[in-house]
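Peer 1: quick one, fold the following:
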Amino acid sequence: MSLLTLEGVHTYYGEAHVLQGVSLSVAEGEVVTMIGRNGAGKTTTLLSIVGIARARRGTVRLGGEDITHLETHEIVRRGVGWVPEERRVLPNLTVLENLRLGMMAAPGGDAERRLQEALEYFPRLRERIGQKGRFLSGGEQQMLAIARGLVARPRIMLVDEPTEGLAPLLVQSLTEILREINRRGTTVLLVEQTLEVALALSHRLYVMDQGRIQFEGTPDALRKDPTVQQRFLSV
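Peer 2: Predicted structure coming up:
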C-alpha cells in the first residue's frame, strides 16, 4: 500500500486553476521526484499535501487516512515533514534553536538522539551549532533546513528544490546525503528542477506541466524518452 496518495487533486489560487487533477503515489521507502519547469505546479502539490494550499477537489491520503481537510499542524504530527523552498531558516535563532524548533513537531523522550542523528549527516552544522541562521552560507542554510525536517522523524519528507542556487560540489554532496537519508529509512517526495539530480536520486519520477502529470516512470524510462524531455523539461 502506498504511504502517500493523491487522487484527482484540484487546487486553486483565487480563480487560477493551478492543479488540474493531480494523482500520484509514494510507497514506503521510495524517493519519488516531481520535475518540471517553473510554474508547473510542483510546489503547489507539496503545499496541497501539507494543507497550506487547500485542495478544492480530490483526496490526499497518508497511510490510507484521508488528510485532505486536516489543519497543517495535524498533518505534520501524523508524520509529514516539509523542507520548504528557499530554506526559510529562522535568521535570529541559532542552528541548535532551529533544530529544537523542528523537534516540536514530534515531541518525545529521544530528542537528543534525534538531534545527534541529524547532525551525523551534516558535520558542518555541528561546527556551527551556536551560529545564528543569518550568518550561515546558502549551503549551510539548506543543510539546516533538511536537518530541521529530519529531527521530527517524519514518515515522509517533502523536500522542495534543495539544490537550487548551490555550487556543483554542494549539489553533489547534498545528493549523496539525501540518498543516505533514504537508505536509512526515510521516504522522500522531492521537487527538483535539475534533471541529473532527479535521475540520480529517484526510484520513480513524475513530470509536471501546467498543473498536470505528463509522465510517470522510472529514471531509465525517462532517459529513453527524449520527446518528454524536450517537450516538458526543455532538455
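Peer 1: need the strands for the chain, in chain order.
Peer 2: Secondary structure of the chain (DSSP state E): strands located at 2-13, 16-27, 31-35, 55-62, 65-66, 80-83, 156-160, 187-192, 204-209, 212-217.
Peer 1: for L46, find the nearest of the ones you listed.
Peer 2: strand 156-160 (4.8 Å; Cβ to Cβ). All C-beta spots, glycine's among them, are computed from the backbone N, C-alpha and C.
Peer 1: mind giving me the domain split of this protein?
Peer 2: Structural domains assigned to the chain are 1-79+155-235, 87-153, following automatic domain parsing.
Peer 1: what pLDDT does V235 get?
Peer 2: For V235, the model assigns a pLDDT of 50.
Peer 1: same question, R155
Peer 2: For R155, the model assigns a pLDDT of 94.
Peer 1: hmm, back to that, among the domains of the chain, which gets the worst mean confidence?
Peer 2: For these, where the average pLDDT is lowest is domain 87-153, sitting at a mean of 90.
Peer 1: who are the contact partners of the most centrally placed residue in the chain?
Peer 2: A centroid search over the chain (Cα atoms, centre = their mean) returns V159, at 1.6 Å, as the residue closest to the centre. V159 makes contact with 83, 146, 149, 178, 188-191, according to Cβ atoms under 8 Å, 6 or more residues apart in numbering.
Peer 1: S2: which of these is nearest?
Peer 2: Nearest to S2 among the contacts of V159, counting by Cβ to Cβ, is L189 at 11.2 Å.
Peer 1: ok, back up a step: which one of the strands of the chain lies closest to L169?
Peer 2: The minimum distance between L169 and those falls on strand 187-192, with 17.4 Å, by Cβ to Cβ.
Peer 1: now do that closest one against strand 204-209, angle only.
Peer 2: 40 degrees (axes from the mean of the first three to the mean of the last three Cα atoms, to 10 degrees).
Peer 1: by how many degrees do strand 187-192 and strand 16-27 diverge?
Peer 2: Here the directions of strand 187-192 and strand 16-27 differ by 140 degrees (the same axes, to 10 degrees).
Peer 1: before we move on, the earlier item: from D220, how far out is the residue nearest to the centre of the chain?
Peer 2: Applying Cβ to Cβ, to the nearest Å, the value for V159 to D220 is 22 Å.
Peer 1: just L166 next, same as before
Peer 2: 26 Å.
Peer 1: likewise V76?
Peer 2: When V76 is compared with D220 (using Cβ to Cβ), they lie 34 Å apart.
Peer 1: which of these two has more residues huddled nearby?
Peer 2: Per other Cβ atoms under 10 Å, whichever of V76 and D220 has more neighbours is V76, with 19 against 9.
Peer 1: hang on, isn't that one packed against W82?
Peer 2: Yes: the pair V76 / W82 is scored as a contact, 7.2 Å apart, by Cβ atoms under 8 Å.
Peer 1: could I get the CA-only coordinates of whichever helix in the chain runs longest as CSV?
Peer 2: For the chain, the longest helix by residue count, based on DSSP state H, is helix 168-183. C-alpha atoms of helix 168-183 as CSV (Å, rounded to 0.1, in the frame of the first residue of the first chain):
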residue,chain,number,x,y,z
PRO,A,168,28.1,22.0,-8.2
LEU,A,169,30.2,20.4,-5.4
LEU,A,170,27.5,21.2,-2.8
VAL,A,171,24.8,19.8,-5.2
GLN,A,172,26.8,16.5,-5.4
SER,A,173,27.3,16.4,-1.6
LEU,A,174,23.6,17.1,-0.9
THR,A,175,22.5,14.5,-3.4
GLU,A,176,24.6,11.9,-1.6
ILE,A,177,23.2,12.9,1.8
LEU,A,178,19.6,12.7,0.6
ARG,A,179,20.4,9.2,-0.9
GLU,A,180,21.8,8.1,2.5
ILE,A,181,18.8,9.6,4.4
ASN,A,182,16.5,7.5,2.2
ARG,A,183,18.7,4.4,2.5
